[in-house]
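1. What shape does this take:
(one chain, ligands or ions: 1)
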Amino acid sequence: MGENIRIIQLNDMHISSGDIFRNGANIRNNFLKALDRIRKIPHDFIVLNGDLAHDIDDNDYQWLKEQMTGLKYHITSGNHDLSPLLAKSFGLEKHLISDKLFYKKRYKGKNFVFADTSEEYLDTDILKRFIDRHSGKADTFVFMHHPPSLCNSKHMDTFYPLGNHAEAEDYFSKCEQVEHVFCAHYHTNLNLKKENFSLHICPSTWYQIGRKQKKFNIRHSFPGYGIIDIGDSVRVKHYYIK
Ligand SMILES: [Fe+2]
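-> Sure thing, here's the model as predicted:
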């Protein structure tokens with residue numbers, strides 16, 4: 001039996017260079033509301049799972065970094081981020097591989113892999129280097145911005161899926177070490193059981209998209225966050241701040 005681990009996930013904060021109101025919410029305020037909430041929740045670390053920026057601008061990460069001061073967190077790169085700039089801003093340059101940000105942390109006996117999908121593509125050859133196929137079953141957890149599968153979300157599945165989702169899904173289906181993949185990008189909350197793994201989509205801190213319609217449609221603009229509890233089992237819950 002391992003120790004319990006609690007991770008808080010925030011993603012798709014889309015911080016812009018200005019204090020901008022768009023899609024029914026003030027982008028920075030929404031993020032700050034989420035941050036305020038999670039500061040009160042005991043946790044081991046936070047994951048900012050991609051699309052930290054909206055428009056590429058050095059100052060955006062600077063602002064975000066200031067807000068995160070004193071918190072323990074890891075990041076991944078989303079399609080709105082530029083991985084080299086993101087890595088430079090957060091001191092992670094040594095983890096760039098062909099301009100993609102991939103790295104791994106070992107914590108309380110578990111492995112956490114942070115994978116890059118900033119080019120809307122998961123490089124499974126790079127990912128494989130971070131997954132020890134001799135380690136225990138289900139002892140590795142992957143964070144990546146894009147879900148590795150289509151997710152019953154018409155708008156996002158149609159226009160913005162992971163480019164190689166079939167390959168990515170196949171990879172996780174066959175990878176014994178990974179049973180849980182934590183994702184973002186779809187601006188919704190969803191836990192989906194796939195063949196031999198589960199994927200979990202945490203909502204955006206900015207606004208959420210309805211899953212039923214093919215056309216872009218905003219469901220609401222309450223900031224979301226996720227709590228991941230890893231112990232004897234894995235429990236994932238998503239929340240909105242209303
Ligand atoms: Fe995204």
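2. Report the contact partners of the closest residue to residue 240 other than its chain neighbours.
-> In this structure, residue 240 finds its nearest non-sequential neighbour in residue 222, 4.1 Å apart by CB to CB, 6 or more residues apart in numbering. Every C-beta, even on glycine, is put in place using the N, C-alpha and C of the backbone. Listed by CB atoms under 8 Å, 6 or more residues apart in numbering, the contact partners of residue 222 are 208, 240, 241, 242.
3. same thing but 10 Å
-> By CB atoms under 10 Å, 6 or more residues apart in numbering, residue 222 lies in contact with 24-25, 30, 33-34, 203-208, 239-242.
4. ok, what's across the strand from the spatially most central residue of the chain?
-> For the chain, residue 49 is the residue whose C-alpha lies nearest the centre (CA atoms, centre = their mean; 2.6 Å). Beta bridges link residue 49 to residue 76, judged by DSSP bridges.
5. next one: residue 239
-> Beta-bridge pairing for residue 239 (DSSP bridges): residue 225.
6. This protein against the ion: which residues are in contact?
-> Taking CB under 5 Å from the ion as the contact definition, the chain meets the ion at 51, 78, 79, 185.
7. so is the last one in a helix, a strand, or just coil?
-> Using DSSP: H, G, I helix; E, B strand; the rest coil, the structure places residue 185 in coil.
8. Buried ones in the helix or strand where residue 171 lies, by neighbour count?
-> Using DSSP states H and E, residue 171 maps to helix 165-174. Neighbour-count burial for helix 165-174, with 16 or more other CB atoms under 10 Å as criterion, is recorded at 165, 168, 169, 171, 172.
9. pLDDT score assigned to the fourth one?
-> Meaning residue 171. Residue 171 carries a pLDDT value of 98.
10. now it, nearest residue through space, not along the chain?
-> residue 124 (4.8 Å).
11. Restricting to C-alpha, output the least confident helix or strand in the chain by mean pLDDT in PDB.
-> Lowest on mean pLDDT, DSSP states H and E among the helices and strands of the chain sits helix 58-67, with a mean of 87. The C-alpha coordinates for helix 58-67 follow below in PDB (Å, rounded to 0.1, in the frame of the first residue of the first chain):
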ATOM      1  CA  ASP A  58       6.500  36.700 -22.100                       C
ATOM      2  CA  ASN A  59       4.700  38.900 -19.600                       C
ATOM      3  CA  ASP A  60       1.800  36.400 -19.500                       C
ATOM      4  CA  TYR A  61       3.900  33.700 -17.900                       C
ATOM      5  CA  GLN A  62       5.500  36.300 -15.700                       C
ATOM      6  CA  TRP A  63       2.100  37.300 -14.300                       C
ATOM      7  CA  LEU A  64       1.100  33.700 -13.900                       C
ATOM      8  CA  LYS A  65       4.400  32.800 -12.100                       C
ATOM      9  CA  GLU A  66       3.900  35.700  -9.700                       C
ATOM     10  CA  GLN A  67       0.400  34.300  -8.800                       C
END
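12. in stretch 59-69, what's buried?
-> Here stretch 59-69 shows 60, 61, 63, 64, 68 as buried, counting by 16+ other CB under 10 Å.
13. The helix of greatest length in the chain vs helix 58-67, what angle?
-> Identified as the longest helix of the chain according to DSSP state H is helix 27-39. Per axes from the mean of the first three to the mean of the last three CA atoms, to 10 degrees, the angle that helix 27-39 makes with helix 58-67 is 30 degrees.
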